[in-house]
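**Student:** here is the input, now give the coordinates:
(one chain, ligands or ions: 1)
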Amino acid sequence: MELHFDRHRRLRNHSVLRGMVRETRVLASDFMYPLFVTHDDGRHPILSMPGVDHLSLQELRRETNVLSELGVPSMMIFGIPAVKDDVSSEAYAENGIVQQAIQVVKSENPHMLVATDVCLCQYNPAGHCGLVHGDQILNDESLVLLAQTALSHVQAGADLVAPSDMMDGRVAAIRAKLDEAGYVQTPIMSYAVKYASAFYGPFREAAHSAPAFGDRRTYQMDPANVREAIREARSDVTEGADILMVKPAMAYMDVIRAVKDSFDLPLAAYNVSGEYAMVKAAALQGWIDERAVVMEMMTGFKRAGAEIIISYFAKDVARYLRDM
Ligand code: PBG
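**Tutor:** Next up, the predicted model:
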């Protein structure tokens, strides 16, 4: 009997040919490395994120050089302020932790692409991403402070601002504020599609930003929704976003693909703290091959449609690629 079938394995026998027909590649230049900067001295491990530390400004200087040497071209700065108040003053203080951090990085390596997270949750005692009144998270009143925060980052030298607060209209407010100050060339990467996710747990420990009451479900998205993701992204495109982001990444691959297919803006995927912690925990137990799992995840994000990957694994990936 004559069988007719395809020989898919023909292209898999030689490693060179496997490389030639590979559809997706992960490069160090795809990555943005998130880091946590504090006013304290030295470097202090974040327990739920093995390999990630709280950095002093001096340690940030060192870290900038480590990233440069590894070929990781970009970072996303998160600040941990010394004091919090109801109007999140340290978020937009001229000498705030993020504003200082930007200057440190830029003085060490002016070529590093410096992105900043624009949000209020680390900066007010309620631990919410906007202004709080009673048990309400105010929308329009928050826009003023968010825009002011973004402008202060850009004035300090940030190359790109990334609002993560999920207030409606923040991209419009930030764009208007930057334009008015003459920063028409500074791009906005909006956390357009940000879910109310349990995967942010380790980050909130690291950033001391867990909500003091309630949760973030009145502003972050319901993990069950994908059509709503399109609406969110469309608003940000209309308001002037230059890059869209989906966050978290691993459990939201379909959302990355849906946003990619619906809009022609560049897309970032945020491989968040809980995703990092899970992989690290299993790897430390010897239960998975960390390197192989990490590269498979990163390949998955790119295959799903992300051009940019924001990941705590950025340095590891750059090392794997270098030592290949
Ligand atoms: C601030 C912010 C958060 C993250 C990024 N920006 C936390 C949150 O929304 O609760 C999470 C990042 C991570 O988990 O790695 N709003």
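
**Student:** quick one: contacts for the spatially closest residue to residue 138 that is not a sequence neighbour?
**Tutor:** In space, and not counting its chain neighbours, residue 138 is closest to residue 131: 4.6 Å by CB to CB, 6 or more residues apart in numbering. All C-beta spots, glycine's among them, are computed from the backbone N, C-alpha and C. Residues near residue 131 by CB atoms under 8 Å, 6 or more residues apart in numbering: 86, 87, 88, 120, 124, 137, 138, 141, 142, 145.

**Student:** give the contact list for the residue lying closest to the fifth one once chain neighbours are set aside.
**Tutor:** Counting by CB to CB, 6+ apart, residue 88 is the residue found nearest to residue 124 once chain neighbours are left out, at 4.7 Å. With CB under 8 Å, 6+ apart as the criterion, the residues that contact residue 88 are 120, 123, 124, 131, 145, 149.

**Student:** where do the strands of the protein begin and end?
**Tutor:** Under the criterion DSSP state E, strands of the chain are mapped to 31-38, 43-45, 53-55, 74-80, 113-118, 131-133, 136-138, 160-163, 189-194, 243-247, 267-271, 308-311.

**Student:** mind listing what's buried along the longest one?
**Tutor:** Residues of strand 31-38 classed as buried under the neighbour-count rule (16 or more other CB atoms under 10 Å) are 31, 32, 33, 34, 35, 36, 37, 38.

**Student:** of all these, which comes closest to residue 309?
**Tutor:** Nearest to residue 309 out of those is residue 31 (CB to CB; 5.5 Å).

**Student:** those residues of the stretch 151-300 of the chain touching the ligand, which are they?
**Tutor:** Residues of the stretch 151-300 of the chain found near the ligand (CB under 6 Å from any ligand atom) are 164, 200, 203, 204, 216, 272, 273.

**Student:** narrow those residues to those in helices?
**Tutor:** Judged by DSSP state H, the subset of these located in helices is 203, 204, 273.

**Student:** okay if I get those residues as a markdown table plus distance to residue 319?
**Tutor:** As requested, these are exported to a markdown table (distance: CB to CB, whole Å):
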| residue | distance to residue 319 |
| --- | --- |
| 203 | 23 |
| 204 | 28 |
| 273 | 20 |
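
**Student:** quick one: the strands of the chain as JSON lines, columns for mean pLDDT and distance to residue 104 too.
**Tutor:** Below are these laid out as JSON lines (pLDDT from 0 to 100; distance: least, CB to CB, whole Å):
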{"stretch": "strand 31-38", "mean pLDDT": "98", "distance to residue 104": "8"}
{"stretch": "strand 43-45", "mean pLDDT": "96", "distance to residue 104": "14"}
{"stretch": "strand 53-55", "mean pLDDT": "97", "distance to residue 104": "10"}
{"stretch": "strand 74-80", "mean pLDDT": "98", "distance to residue 104": "10"}
{"stretch": "strand 113-118", "mean pLDDT": "98", "distance to residue 104": "10"}
{"stretch": "strand 131-133", "mean pLDDT": "96", "distance to residue 104": "29"}
{"stretch": "strand 136-138", "mean pLDDT": "97", "distance to residue 104": "32"}
{"stretch": "strand 160-163", "mean pLDDT": "98", "distance to residue 104": "17"}
{"stretch": "strand 189-194", "mean pLDDT": "98", "distance to residue 104": "21"}
{"stretch": "strand 243-247", "mean pLDDT": "98", "distance to residue 104": "24"}
{"stretch": "strand 267-271", "mean pLDDT": "98", "distance to residue 104": "24"}
{"stretch": "strand 308-311", "mean pLDDT": "98", "distance to residue 104": "20"}
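
**Student:** can I get these in TSV with distance to residue 209?
**Tutor:** Converted to TSV, these look like this (distance: least, CB to CB, whole Å):
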stretch	distance to residue 209
strand 31-38	11
strand 43-45	17
strand 53-55	13
strand 74-80	9
strand 113-118	10
strand 131-133	13
strand 136-138	14
strand 160-163	15
strand 189-194	14
strand 243-247	15
strand 267-271	15
strand 308-311	17
